[in-house]
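Student: no letters, just coordinates:
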């Protein structure tokens, strides 16, 4: 009799779940000058993460660890860790400077800084002379 788990639809479910990108955990804070996004990317470096802006104002972050190097004599018995891919998309507010976005990875955290447009300068009050006739 065949293996009930690996020879059935359960295997397809495991396969689909195993390779679907995970939603990366994220913190989003706003300061007076920027939006700061911090995304968990444990074990990944700068070459394993892709950050880009799509459709004008959608920040897209994707990543996956590089494949493990194997010798020809390696025989895998179990592979549950896989290559945990992640993805996250965020619609950015309209008041940001998309061309000045910066990103860095440190200690398993991707930090994306999205600068804000400066607030429009408020005109200073000025006195207007009042005359009796225009």
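Tutor: Received it, and whenever you're ready, just let me know what you need. Not measured: the values here are computed from a predicted model. Residues are numbered from 1 along each chain as shown.

Student: and residue 88, how many neighbours?
Tutor: 20 (other Cβ atoms under 10 Å). All C-beta spots, glycine's among them, are computed from the backbone N, C-alpha and C.

Student: that one belongs to a helix?
Tutor: No: Residue 88: not assigned to a helix; according to DSSP: H, G, I helix; E, B strand; the rest coil it is strand.

Student: ok now do it, which residues does it touch?
Tutor: 23, 24, 26, 39, 60, 61, 62 (Cβ atoms under 8 Å, 6 or more residues apart in numbering).

Student: check residue 114 too.
Tutor: 34, 35, 36, 37, 59, 92, 96, 97, 98, 101.

Student: wait, the second one sits on residue 57?
Tutor: Right, residue 35. No: using Cβ atoms under 8 Å, residue 35 makes no contact with residue 57, being 11.6 Å away.

Student: who has more neighbours, these two?
Tutor: Taking neighbours as other Cβ under 10 Å, residue 35 and residue 57 compare with residue 35 leading, 20 against 13.

Student: mind listing the strands for this protein?
Tutor: Remark: strands assigned in the chain by DSSP state E are 22-23, 26-30, 34-40, 49-54, 58-63, 86-91, 102-106, 109-115.
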